[in-house]
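*Asks:* what's the 3D shape of this:
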Amino acid sequence: PLLIFQTNSGFMRNNFVKILVLFLLFGTGVSAQDPAKTLPADLEIPLKYGAERLEKRQDASMRKFRDNRLGLFIHWGLYAITSGEWNGKLYDGPSSFLLKSANITPKEWMKLMDRWNPTNFDAFRWAQMAKRMGVKYLKITTKHHDGFCLWPSAYSKYTVAQTPGKRDIIGELVKAFDAEGIDVHLYYSILDWSHPDFRYSIKSKEDSIAFSRFLEFAENQIKELATRYPTVKDFWFDGTWDASFKENGWWSAHIEKMLKEMIPGITVNSRLRADDYGKRHFDSNGHLMGDYESGYERRLPDPVKDVGITRHDWEGYMTLPENQWGYHKDWTLSYVKTPFEAIQRIAHATSMGGNLVINFGPKPEGDFRQEELEMADIVGKWMKKNGECIYGCDYAGLAKQDWGYYTRSKDGTIYMIVFNIPYSGNLVVKMPKGTRIEKAILLEKGRKVDIVETSRDEYNVCMPVKDPGEPFVIKLQIEENVDVEDKYWDALT
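*Replies:* Numbering: from 1, shown residues only. Prediction:
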């Protein structure tokens, strides 16, 4: 029960309210990670390790991150060798979680290192595929939860240097993707199933000492990556959900600060961060930590209910088979997304001011499966024709319509990205008061599309005479702040 004391002191009343807010946030399990729950300024809780800014970063590096819009995620490691199978049993969960799914000991798992020799791996060929696909950046797993490192780390015995392959995978990828003008982002998992000092929770003094050693190990590896590969543009952290990590919010703030001092302009995802009270992504006052939200994994914000997300930068992540990140031999175990579904997610994310990252899981030899190559080809061809409506575009601020998505360029051009064709043949567009559509043009062909004003601030944009046969884009030239004669009567009800 809450005890309420009567007082005439404004100071006491204000502090009581703050205590009540703390109780509601932490004593009842209510999450403070929802940005919609941002506290009023006079009720904010003092934090040492909370958000470092309340608005979007606007420096050149962050603007480039935002303009890129489309990325490629690659999960690659020892799990590719297992391809989802252990001792003759096929597991339907992510192959990258097989160590846990199949109850394999780290010692047994690391014997897979003897088989790591990706003879078909060609970093430049990967970069050329990504270029054709139209992606602007690569996210690559340097170390996943199993602890195996794709670079020759001086701080671990579980690295490519101890395998028959010996090649510095990360170094080769950075060189190849830099050469193609594609930014490289480094994924790093804090969670480490193979490190003896990792703890899921701190239950004793010994646990605390061990986890302190682990944090020193992780910091050394992160420093090592930043030093070896100083041209990378982003660090993307994972495996930060355990109680042990959430109790060390100071460390997450320290790592972000360290990286930004080592590599000026670097971006860091929200998944790294925890505040003084263990709140992740968003601090206890409801403010985003890190440079962009990174919680939209295999889902995207609702285009009607979640428009508040446009106030900050964010990134979404899409797998091809619903369950899989790393290579799995059997894609029939879960639904596999089509290229047009991928394109729809790209448009959806851009329309809400976010980036989309599509995940591939290479084979152990270093090749991609045919379905991934086909995905890259179809997405790339569409982006080559229509990328103008994605790259450098943002939330348009218009009411969502069932036919698809709007995006807006920096010069104010509106794009209609059409996925669902109505039987009427008319694409409804609602404009804000004082805004008029001057012209509609089919982006790929440059042909004019008919427009009919149907009511106050509402138009029908007519379908092209010939169905394009794939998602298509109509470019709207609009005039804002115009004095429009109102010829429509309001209904009397």
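*Asks:* relative to residue 339, how far out is residue 379?
*Replies:* 6 Å (C-beta to C-beta, to the nearest Å). C-beta here means a position set from N, CA and C on the backbone, and glycine is covered the same way.
*Asks:* what is in contact with these two at once?
*Replies:* With C-beta atoms under 8 Å, 6 or more residues apart in numbering applied, the contact sets of residue 379 and residue 339 do not overlap.
*Asks:* can you give me the pLDDT of residue 16?
*Replies:* Per-residue pLDDT puts residue 16 at 43.
*Asks:* let me fix that: residue 13
*Replies:* The predicted local confidence for residue 13 is 41.
*Asks:* OK, contacts around the residue lying closest to residue 191 once chain neighbours are set aside?
*Replies:* Closest residue to residue 191 apart from its sequence neighbours, by C-beta to C-beta, 6 or more residues apart in numbering: residue 239 at 2.7 Å. Neighbouring residues of residue 239 by C-beta under 8 Å, 6+ apart: 145, 189, 190, 191, 192.
*Asks:* the third one: neighbour count?
*Replies:* Counted with other C-beta atoms under 10 Å, residues neighbouring residue 190 total 24.
*Asks:* so who does it touch?
*Replies:* 218, 237, 238, 239, 240, 245.
*Asks:* ok so the last one is a helix residue?
*Replies:* In this case it means residue 245. Yes: counting by DSSP: H, G, I helix; E, B strand; the rest coil, residue 245 is found in a helix.
*Asks:* could you measure from it over to residue 270?
*Replies:* 14 Å.
*Asks:* now swap in residue 304 and tell me
*Replies:* 23 Å.
*Asks:* the more surrounded of these two?
*Replies:* residue 270 (24 against 8).
*Asks:* isn't that one up against residue 287?
*Replies:* No: here residue 270 does not reach residue 287: they are 10.6 Å apart, not a contact under C-beta atoms under 8 Å.
*Asks:* how many residues are close by residue 344?
*Replies:* Neighbour tally, residue 344, other C-beta under 10 Å: 19.
*Asks:* so it: helix, strand or coil?
*Replies:* With three-state DSSP as the criterion, residue 344 reads helix.
*Asks:* which parts of this protein are helices?
*Replies:* Along the chain, the segments classed as helices by DSSP state H run 10-22, 60-68, 79-82, 98-101, 106-109, 123-133, 169-179, 205-228, 243-246, 249-262, 339-351, 370-386.
*Asks:* just send these back as a markdown table, with distance to residue 398 too.
*Replies:* Shown next, in a markdown table, are these (distance: least, C-beta to C-beta, whole Å):
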| stretch | distance to residue 398 |
| --- | --- |
| helix 10-22 | 36 |
| helix 60-68 | 20 |
| helix 79-82 | 43 |
| helix 98-101 | 45 |
| helix 106-109 | 51 |
| helix 123-133 | 29 |
| helix 169-179 | 35 |
| helix 205-228 | 41 |
| helix 243-246 | 39 |
| helix 249-262 | 35 |
| helix 339-351 | 9 |
| helix 370-386 | 19 |
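*Asks:* out of those helices, nearest to residue 364?
*Replies:* helix 79-82 (4.2 Å; C-beta to C-beta).
*Asks:* how near is residue 464 to residue 441?
*Replies:* In terms of C-beta to C-beta, residue 464 sits 10 Å off from residue 441.
*Asks:* could you list the low-pLDDT ranges of the stretch 151-300 of the chain?
*Replies:* For the stretch 151-300 of the chain, no stretch is flagged by pLDDT under 70.
*Asks:* ok, residue 293 - contacts?
*Replies:* 269, 270, 281, 309, 312, 313, 314, 315.
*Asks:* for the second one, which non-adjacent residue is closest in space?
*Replies:* Computed as C-beta to C-beta, 6+ apart, the closest residue to residue 270 that is not its neighbour in sequence is residue 290, at 3.9 Å.
*Asks:* ok, the third one next?
*Replies:* Of all residues not flanking residue 281 in the chain, residue 270 sits nearest, at 4.4 Å (C-beta to C-beta, 6+ apart).
*Asks:* distance check, that neighbour against residue 51.
*Replies:* 10 Å.
*Asks:* mutual contacts of these two, please.
*Replies:* With C-beta under 8 Å, 6+ apart, residue 270 and residue 51 have common neighbours 282, 288, 289.
*Asks:* between the residues you listed, which sits nearest residue 131?
*Replies:* residue 288 (31.5 Å).
*Asks:* okay, now the closest one: neighbour count?
*Replies:* Count around residue 288 with other C-beta under 10 Å applied: 27.
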